[in-house]
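Engineer: kindly generate the corresponding structure for this input.
(2 chains)
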Amino acid sequence: MRRETLAVAGVDRIGPYSLVRLRRGSLESGVPGQFFMLSPPGRLLPRPMSLCLATRKELGFLIDPIGPGTRALAEVVRNQRVAVLGPLGNGYLLEVERPLLVGGGIGVAPLPYLSERLGRPPAVLGFRTEEHAEAAALVPNAEIVLEPRLVTELLRPGHDVLACGPTPMLEAVRRLAPTSQLAWEAPMACGYGACYGCAVEIEGVLKRLCVEGPVLTAEAA
Amino acid sequence: MILNASGCLDAIAAPEVAAELDAFVTKTVTPLPRGGNDPVRIAETDVGMLNSIGLANPGIDAFIADVLPELLDLEVPIWVSVGGFSAQEYADLCRRLDSQQEVTAIELNVSCPNVAEPADSVAEIVAAARAATAKRLYAKLSPSNGDIAAVAQAAAAAGADGLSLVNTIRGLALDPRTLAPTLSTAAGGLSGPALRPIALAAVFACYRTTELPIIGMGGVETGRHALELIAAGATSVALGTVLFADPEAPARIRAELEAEALALGFGTPLDARGAAHVEEGRRKLRRVA
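Structural biologist: The predicted model follows:
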């Protein structure tokens, strides 16, 4: 666990989202599905964000500006500085034979880095609108559906599913693909097990998602 | 001395953070295991943070059997926070911990929302705990009490060795879209910057009425904030919400505190203890016409 204050290298608008690219400093990129706590300028608490893109010089985070914290992060400008803690939690297990990436909405965020690490496997992505679907350009070999169609229509048997998206989508994926790996989301104040804010029910017991997850196998979750 | 506020750090999950503290204070332990409240448990507001964790903990049996041995590896003094629903439960918890040599002190969380807060109740709890253990006992008080100095005096008279000031104060946040409470329990405990002047006032008042050592806490984010609590009367400072945003805060605040004290002419931070209590007569109305 390491915290550094990183300079903003640039911000790209992708549909309603912002891809915030930070100069990497000495932070590790970690395993896809792990997350980082980003401190939005002017806010008290950091926000958990999965890593979207990793290059030798930059770490990229895809931000959906839905509240005061994510808006402050989406509005950072070049050379502004952002405190970043991570990588945190448990990512996807990458030893899979026939990976299929499944993403919904802002849940697409960890998939570009995951795709890179898995050698660009096929992906299926669902979005609310065409504007949101612009984010699909970040994921190679992706098939897209728009609402009211559901991404689960594109699931095919015989694949190792690695998914991230809204809770109803993950629950639907879990029913169809019981061995899939699912990245869940919960409000977090700290990201490293201190605050107990991110409690979710895992195997019938309330546990901290930041410590146990955020990626869990469908059977455990 | 710099500690963590109870419930704001898991030393097993983050041993490198705990190693920077002069003592580690556990999350409150209750007689029986508690899963805690349903999500949503935390919310950020413009002036602080709300939490409604609900004293999630494994219970005293599992704490002593499983957690305490792991904490020993940290080589940091261990303070155990305990919470119950009656004076008898506090006494039982203290009795169990009394035989644990590795426990340096016990903090009585007499300010969780499930425990009555009148002065006599705090005094009863402290007296019962006092009879059950020879370990150092700190009473953690709520700032919502109208006369916290009177509660502190009652705690001192009942045998407390020190005070932890303050616990969170009740607050509410509403979802911007639905206007429904954000937290599952509606209200929660407010911490962070909003608590800072409240903590300062509590420490200031209790320093005047008791001679007990005081751990000041509430919204400390910088060495200057820590120095202010010491000036108001604290002997130690505990870090809470700041740890969530910055796990490296203990070392940073310690260095800042020393520099801030020196800059004001104090050899050590503790030399500033009570500096806020200026003598009577120094606050004269200025005659300007």
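
Engineer: for the rest of this, base every contact and every neighbour count on C-alpha atoms.
Structural biologist: Will do.

Engineer: for the least confident helix or strand in chain B by mean pLDDT, buried residues please.
Structural biologist: Lowest by mean pLDDT, DSSP states H and E among the helices and strands of chain B is helix B:119-132, with a mean of 89. Neighbour counts using 16 or more other CA atoms under 10 Å in any protein chain shown place B:119, B:121-130, B:132 of helix B:119-132 among the buried residues.

Engineer: dump these to a markdown table, plus distance to residue B:11.
Structural biologist: A markdown table is the format used below for those (distance: CA to CA, whole Å):
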| residue | distance to residue B:11 |
| --- | --- |
| B:119 | 33 |
| B:121 | 31 |
| B:122 | 28 |
| B:123 | 31 |
| B:124 | 31 |
| B:125 | 27 |
| B:126 | 27 |
| B:127 | 30 |
| B:128 | 29 |
| B:129 | 25 |
| B:130 | 27 |
| B:132 | 27 |
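
Engineer: re the thing from before, alpha carbons of the least confident helix or strand of chain B, in CSV - could you do that?
Structural biologist: The C-alpha coordinates for helix B:119-132 follow below in CSV (Å, rounded to 0.1, in the frame of the first residue of the first chain):
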residue,chain,number,x,y,z
ALA,B,119,-23.7,11.8,34.2
ASP,B,120,-24.9,9.2,36.7
SER,B,121,-24.9,6.5,34.1
VAL,B,122,-21.3,7.2,33.0
ALA,B,123,-20.3,7.3,36.6
GLU,B,124,-22.0,3.9,37.2
ILE,B,125,-20.2,2.4,34.2
VAL,B,126,-16.8,3.7,35.3
ALA,B,127,-17.3,2.6,38.9
ALA,B,128,-18.3,-0.9,37.8
ALA,B,129,-15.3,-1.1,35.4
ARG,B,130,-13.0,0.3,38.1
ALA,B,131,-14.0,-2.5,40.4
ALA,B,132,-13.3,-5.1,37.7
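
Engineer: state the mean pLDDT of the longest strand along chain A.
Structural biologist: Counting residues, the longest strand found in chain A (DSSP state E) is strand A:2-14. For strand A:2-14, the mean per-residue pLDDT is 97.

Engineer: centre of the chain to it, how far?
Structural biologist: Offset of strand A:2-14 from its chain centre (CA atoms, centre = their mean, to the nearest Å): 16 Å.

Engineer: strand partners of that strand, parallel vs antiparallel please.
Structural biologist: Its sheet considered, strand A:2-14 pairs with strand A:17-23 (antiparallel), strand A:81-88 (antiparallel) by DSSP bridges.

Engineer: contacting residues around residue A:70?
Structural biologist: A:40, A:47, A:63-64 (CA atoms under 8 Å, 6 or more residues apart in numbering or on different chains).

Engineer: let me fix that: residue A:104
Structural biologist: A:125-127, A:151, A:164-166, A:169 are the contacts of residue A:104 under CA under 8 Å, 6+ apart.

Engineer: so can I have JSON lines of the residues you listed showing pLDDT, secondary structure and distance to residue B:150?
Structural biologist: Shown next, in JSON lines, are these (pLDDT from 0 to 100; DSSP: H, G, I helix; E, B strand; the rest coil; distance: CA to CA, whole Å):
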{"residue": "A:125", "pLDDT": "98", "secondary structure": "strand", "distance to residue B:150": "62"}
{"residue": "A:126", "pLDDT": "98", "secondary structure": "strand", "distance to residue B:150": "61"}
{"residue": "A:127", "pLDDT": "98", "secondary structure": "strand", "distance to residue B:150": "60"}
{"residue": "A:151", "pLDDT": "95", "secondary structure": "helix", "distance to residue B:150": "62"}
{"residue": "A:164", "pLDDT": "98", "secondary structure": "strand", "distance to residue B:150": "54"}
{"residue": "A:165", "pLDDT": "97", "secondary structure": "coil", "distance to residue B:150": "53"}
{"residue": "A:166", "pLDDT": "96", "secondary structure": "coil", "distance to residue B:150": "51"}
{"residue": "A:169", "pLDDT": "96", "secondary structure": "helix", "distance to residue B:150": "55"}
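
Engineer: and which of the residues you listed is nearest residue A:89?
Structural biologist: residue A:164 (14.9 Å; CA to CA).

Engineer: please name the residues that touch that closest one.
Structural biologist: Applying CA under 8 Å, 6+ apart, the residues contacting residue A:164 are A:102-104, A:107-108, A:110-111, A:170, A:182-184.

Engineer: which among the residues you listed count as buried?
Structural biologist: Buried among these (16+ other CA under 10 Å): A:102-104, A:107-108, A:110-111, A:170, A:182-184.

Engineer: can I get stretch A:180-199 as CSV, trimmed to CA atoms?
Structural biologist: Output in CSV follows, covering the C-alpha atoms of stretch A:180-199 (Å, rounded to 0.1, in the frame of the first residue of the first chain):
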residue,chain,number,x,y,z
SER,A,180,-17.6,-16.1,-13.2
GLN,A,181,-15.4,-13.5,-11.5
LEU,A,182,-17.4,-10.4,-10.5
ALA,A,183,-16.1,-7.0,-9.5
TRP,A,184,-18.5,-5.4,-7.0
GLU,A,185,-18.8,-1.8,-5.8
ALA,A,186,-19.6,-0.2,-2.4
PRO,A,187,-19.1,3.2,-0.8
MET,A,188,-15.7,3.3,0.8
ALA,A,189,-14.1,5.9,3.0
CYS,A,190,-10.6,4.3,3.2
GLY,A,191,-10.1,1.3,0.9
TYR,A,192,-7.8,-0.5,3.2
GLY,A,193,-10.0,-2.1,5.9
ALA,A,194,-10.1,0.8,8.4
CYS,A,195,-13.6,2.3,8.1
TYR,A,196,-15.9,-0.7,7.8
GLY,A,197,-18.1,1.4,5.5
CYS,A,198,-18.0,-1.0,2.5
ALA,A,199,-19.7,-4.0,4.3
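
Engineer: so how far is it from its chain's centroid?
Structural biologist: 12 Å.
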